[in-house]
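Enquirer: Please work out how this folds:
(chains A and B)
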Number of protein chains: 2
Amino acid sequence: MLTICNRTDLLKGVNTVSKAVSNKTTSPILECILLDAEGATLTLLGNDLELGIETKIEAVVKKEGCIAVNARIFSEIIRRLPDEDIKIEVDDTYTITIECARSKFNIAGQSGDDFPRLPQMQTKQQIILSQGTFKDMIHNTIFSTAPEDSGRPILTGELMDIRDGYLYLVAVDGYRISMRRTQVNCSEEFKVTVPGKALNEIHKILENEEDSLMTVNFTGKHVIFQMNDTTVLTRLLEGEFLQYERNLNMEYKSKVTINKKELLDSVDRAALISRENKNSSPIRLQIEKDKMIITSNAENGSAYEEVALGLEGEELAIAFNPRYYMDALKAIEEETISILFSSSLSPCIIQDPDAEDYKYFILPIRLHS
Amino acid sequence: MLTICNRTDLLKGVNTVSKAVSNKTTSPILECILLDAEGATLTLLGNDLELGIETKIEAVVKKEGCIAVNARIFSEIIRRLPDEDIKIEVDDTYTITIECARSKFNIAGQSGDDFPRLPQMQTKQQIILSQGTFKDMIHNTIFSTAPEDSGRPILTGELMDIRDGYLYLVAVDGYRISMRRTQVNCSEEFKVTVPGKALNEIHKILENEEDSLMTVNFTGKHVIFQMNDTTVLTRLLEGEFLQYERNLNMEYKSKVTINKKELLDSVDRAALISRENKNSSPIRLQIEKDKMIITSNAENGSAYEEVALGLEGEELAIAFNPRYYMDALKAIEEETISILFSSSLSPCIIQDPDAEDYKYFILPIRLHS
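Expert: Below you'll find the predicted structure:
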């Protein structure tokens, strides 16, 4: 193999596919990325067998071929080379020579034939989305997936629920539900659960622009995200996800309209005191006609906060884990939000006052007093 | 105690004095900062008994008094309060009430009388310096102090050597010497060793500006740095520092003039390969008439780099720990540097080509081949 490519393109490609390289593997080939030179293209591939990322860059290919190279050392080298053309040559012993300006590296590679390629699969359904929108949807829900050690593997992923002309993206950790939705053009209804790790990596690859589109192909056991020159393939999680719809459409007795930033800042301050307590004691919300009083108490002190609000319905007092409140409030960009309550012992839902494009469902903590 | 002060001033003061608060102490009072309201001033003090930092801010004092408050919780609260006046009130039970806008905190304090004040001492010598210059001098030498666990406590500090109208700041870890100097107006000659930790904290407090001045007072067992409204007092390290002068004025046979950035980038790349080897294998410098060839070899590869140079004297080959080279090169702002060599087994000195305001002395590694 002998190819010449632009250093900036190569670095971007290497950084993209490296996100799928395992750093916990005992198999040296899975610590590699594959370089495959063919036609006028250098294809890069990272694949930890759960998640695969492939990207293509323009290259002058003088001799076609492929090689697997340790992802970490290769990316460290490319990152440090000056911004000039890079020549990559591979000999019969899988030794890779990288030349650029007055620098020359020799590093040991492995046969590209031993590297696991992406499986070829039939698409069953397809949706087309804005990259920027999907990026935001991931960012604003993924914090409430269950941790890997939760004993509930299905909840470590997020549900992609396609129905009624919408994609609903839903994360549940047993104490809260975070949902974002966006309109999509798809007549079929179906749901799949995508691993949280894959969504985290896709989030890093997606562009911020609303205008950049992506295609999502569903094959039954996998989902394939296609954006620009990059393909991300991930296995789906198997099992039954939580039936979340009923929770998000509960009856309520009190509807609060409140400034998001003021509430977030006040909860953040009150949480300082509760955080001192190792049992992560709750903050208490007392909802009155014209204000919310937020208090917390711990051995070493107490906090008292007031935030103005608009209230439809009954006054009440309720307590929450402040972290869940802060996670949800940080994920919301709007200035004004609604919060729905039905009783001191029932969950609340934080949502946008007009549409229902996001909902954050949070279980309360029972107050002792 | 009852005082009202500006939140921005208070936050800056708390951040400054918190740098002297111990986070490894078993004594709760040393986890505190002292607030002392008197006249029209609120004085803040942090003191871990090795290092003390005191700063003064303007305040309206309605009732004089002092209180010790947990540094971490107090700074977290002040940081999160809105930018309005803050009222701090202390009652007879040492309960501190902090009020700002619609927030109110109660936290437990401790008697201010139990907090260790800074000792009062007689100044023996004094120098006046630019804050910006001293900040740079610390930053560009402190990386070569010996680590805490090196078994050589005196080398965990830096020598302040005042002689010949200069302050020399010197750090030595047994493999290298880093020296920066600046002119000072002082007729006496003396040297003290300041703990590295104290210099690290002073570095964070010093302003960048060349024009801002600071006073350094030497009392025998302590040194006191005075800048703006802040006083830093530190114990000195006891013992004999290395006699470094002879090392920095060695005879040389080869003098290389070279572009600093090109050399740094090349060493950085070559170090990538040597770093792969767990024994941190050396990089080899081969100095020829018109170029330096930098190479490294490890199990998994090799690197070859060329950098143009000007040479006075003999060609030679020598090997170094690349990290020591990179630390020194990163500390130098100038575009062009000189490097002095006397043999393959002797140290080199990296210095400015004209003046001798900085010198980096580095021991070589013996080459096996």
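
Enquirer: Quick check: residues of chain A near chain B?
Expert: A:70, A:73, A:76-77, A:80-82, A:102-108, A:265-266, A:268-269, A:272-273, A:276, A:300-307 (CB under 8 Å from any CB of the partner chain). Every residue, glycine included, has its C-beta placed from N, CA and C.

Enquirer: Buried only: go through those residues for me.
Expert: With neighbours counted by 16 or more other CB atoms under 10 Å in any protein chain shown, those contain buried members at A:70, A:73, A:76-77, A:80-81, A:102-107, A:265-266, A:268-269, A:272-273, A:276, A:301-307.

Enquirer: picking up where we left off before, which ones among the residues of chain A next to chain B are found in helices?
Expert: Residues of the residues of chain A next to chain B located in helices (DSSP state H): A:73, A:76-77, A:80, A:265-266, A:268-269, A:272-273, A:276.

Enquirer: What are the boundaries of the helices in chain A?
Expert: Counting by DSSP H, the helices of chain A are A:7-18, A:71-80, A:131-139, A:196-205, A:245-248, A:260-276, A:322-330.

Enquirer: Out of the ones in helices among the residues of chain A next to chain B, which is nearest to residue B:253?
Expert: residue A:80 (31.9 Å; CB to CB).

Enquirer: Am I right that residue A:192 is in contact with residue A:224?
Expert: No. Judged on CB atoms under 8 Å, residue A:192 makes no contact with residue A:224 at a distance of 11.5 Å.

Enquirer: what touches both of the two?
Expert: Residues touching both residue A:192 and residue A:224 (CB atoms under 8 Å, 6 or more residues apart in numbering or on different chains) are residue A:218.

Enquirer: neighbour count winner among those two?
Expert: Taking other CB atoms under 10 Å in any protein chain shown, residue A:192 and residue A:224 do not tie; residue A:192 has more neighbours (22 against 19).

Enquirer: In contact with that one, which residues?
Expert: Residue A:192 neighbours (CB under 8 Å, 6+ apart): A:159-160, A:218, A:223, A:236.

Enquirer: and what of residue A:121?
Expert: Per CB under 8 Å, 6+ apart, neighbours of residue A:121: A:219-222, A:224.

Enquirer: Which residues belonging to stretch A:33-40 are considered buried?
Expert: A:33-37.

Enquirer: Stretch A:258-271 too?
Expert: A:258, A:260, A:262-271.

Enquirer: ok, of those, which one's closest to chain B?
Expert: Comparing the buried residues of stretch A:258-271 against chain B with CB to the nearest CB places residue A:269 closest, at 4.8 Å.

Enquirer: What distance do you get for the closest one to residue A:322?
Expert: In this view, residue A:269 and residue A:322 are 10 Å apart by CB to CB, to the nearest Å.

Enquirer: circling back: so which of the helices of chain A is nearest residue B:296?
Expert: helix A:71-80 (12.1 Å).

Enquirer: next one: that closest one to chain centre, how far?
Expert: 25 Å (CA atoms, centre = their mean, to the nearest Å).

Enquirer: Quick one: distance of stretch A:88-106 to the chain centre.
Expert: The answer for stretch A:88-106 is 36 Å, by CA atoms, centre = their mean.

Enquirer: What of stretch A:11-29?
Expert: In this view, stretch A:11-29 has its centroid 18 Å away from the chain centroid, taken as CA atoms, centre = their mean.

Enquirer: in the stretch 251-369 of chain A, what spans have low per-residue confidence?
Expert: Residue ranges of the stretch 251-369 of chain A with pLDDT under 70: A:274-280, A:368-369.

Enquirer: For chain B, what's its nearest residue on it.
Expert: For the stretch 251-369 of chain A, CB to the nearest CB, closest residue to chain B: residue A:301, 3.5 Å.

Enquirer: What of the stretch 1-150 of chain A?
Expert: residue A:107 (3.6 Å).

Enquirer: ok, that residue - contacts?
Expert: Residue A:107 touches A:69-70, A:73-74, A:77, A:95-96, A:98, B:273, B:300-301, counting by CB under 8 Å, 6+ apart.

Enquirer: Kindly report the same for residue A:240.
Expert: Residue A:240 neighbours (CB under 8 Å, 6+ apart): residue A:154.

Enquirer: Let me know the pLDDT of it.
Expert: At residue A:240, the model reports a pLDDT of 94.

Enquirer: And the residue nearest the centre of chain A?
Expert: By CA atoms, centre = their mean, chain A has its centre lying nearest to residue A:200, at 3.4 Å.

Enquirer: what's that one in contact with, if anything?
Expert: A:138, A:142.

Enquirer: What separation is there between it and residue B:117?
Expert: 51 Å.

Enquirer: hang on, the earlier thing: as a markdown table, the buried residues of stretch A:33-40 with pLDDT would be great.
Expert: Formatted as a markdown table, the buried residues of stretch A:33-40 follow (pLDDT from 0 to 100):
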| residue | pLDDT |
| --- | --- |
| A:33 | 98 |
| A:34 | 98 |
| A:35 | 98 |
| A:36 | 98 |
| A:37 | 98 |
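
Enquirer: what residues go with each domain of chain A?
Expert: Domain assignment of chain A by automatic domain parsing yields the ranges A:2-114, A:125-246, A:250-362.

Enquirer: Of all those domains, which one comes closest to residue B:20?
Expert: Closest to residue B:20 of the domains of chain A, according to CB to CB: domain A:250-362, at 22.0 Å.

Enquirer: what about that closest one, how long is it end to end?
Expert: 12 Å (CA to CA, to the nearest Å).

Enquirer: one step back: and the buried residues of stretch A:33-40, which of them are in strands?
Expert: A:33-37 (DSSP state E).

Enquirer: And the contacts of residue A:121, which of them are buried?
Expert: A:219, A:222, A:224.

Enquirer: So which of those residues belong to strands?
Expert: Going by DSSP E, the strands hold A:222, A:224 from the buried ones among the contacts of residue A:121.

Enquirer: Pipe the buried ones among the contacts of residue A:121 into CSV and attach distance to residue A:3 and pLDDT per row.
Expert: As requested, those are exported to CSV (distance: CB to CB, whole Å; pLDDT from 0 to 100):
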residue, distance to residue A:3, pLDDT
A:219, 31, 96
A:222, 30, 96
A:224, 26, 97
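
Enquirer: List just the nearest of the buried ones among the contacts of residue A:121 to residue A:177.
Expert: For those, the nearest to residue A:177 is residue A:222 (25.5 Å; CB to CB).

Enquirer: I'd guessed the closest one sits against residue A:237; true?
Expert: No. Taking contacts as CB under 8 Å, residue A:222 lies outside contact range of residue A:237: 11.4 Å.

Enquirer: Residue A:221: what's it in contact with?
Expert: A:121, A:235-236.

Enquirer: Okay, and which of those map to strands?
Expert: Using DSSP E, the members of the contacts of residue A:221 that fall within strands are residue A:235.

Enquirer: Could you dump the contacts of residue A:221 into JSON lines with pLDDT added?
Expert: Shown next, in JSON lines, are these (pLDDT from 0 to 100):
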{"residue": "A:121", "pLDDT": "90"}
{"residue": "A:235", "pLDDT": "96"}
{"residue": "A:236", "pLDDT": "97"}
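
Enquirer: Look at residue A:147 and say how many residues are nearby.
Expert: Residue A:147 has 11 nearby residues by other CB under 10 Å.

Enquirer: Quick check, pLDDT for it.
Expert: With respect to pLDDT, residue A:147 has a value of 95.

Enquirer: and the residue nearest to it when sequence neighbours are not counted, how far is that from residue A:221?
Expert: If the residues on either side of it in the chain are set aside, residue A:147 comes closest to residue A:156, at 7.2 Å by CB to CB, 6 or more residues apart in numbering or on different chains. Residue A:156 sits 17 Å away from residue A:221, going by CB to CB.

Enquirer: ok, now residue A:147?
Expert: 25 Å.

Enquirer: List of residues touching stretch A:225-238?
Expert: A:16, A:20, A:50-57, A:118-119, A:131, A:153-154, A:156-157, A:192-195, A:198, A:201-202, A:205-207, A:212-217, A:221-224.

Enquirer: make it 6 Å
Expert: For stretch A:225-238, contacts defined as CB atoms under 6 Å, 6 or more residues apart in numbering or on different chains pick out A:16, A:50-56, A:118, A:131, A:154, A:157, A:192-193, A:195, A:198, A:202, A:214-216, A:222-224.
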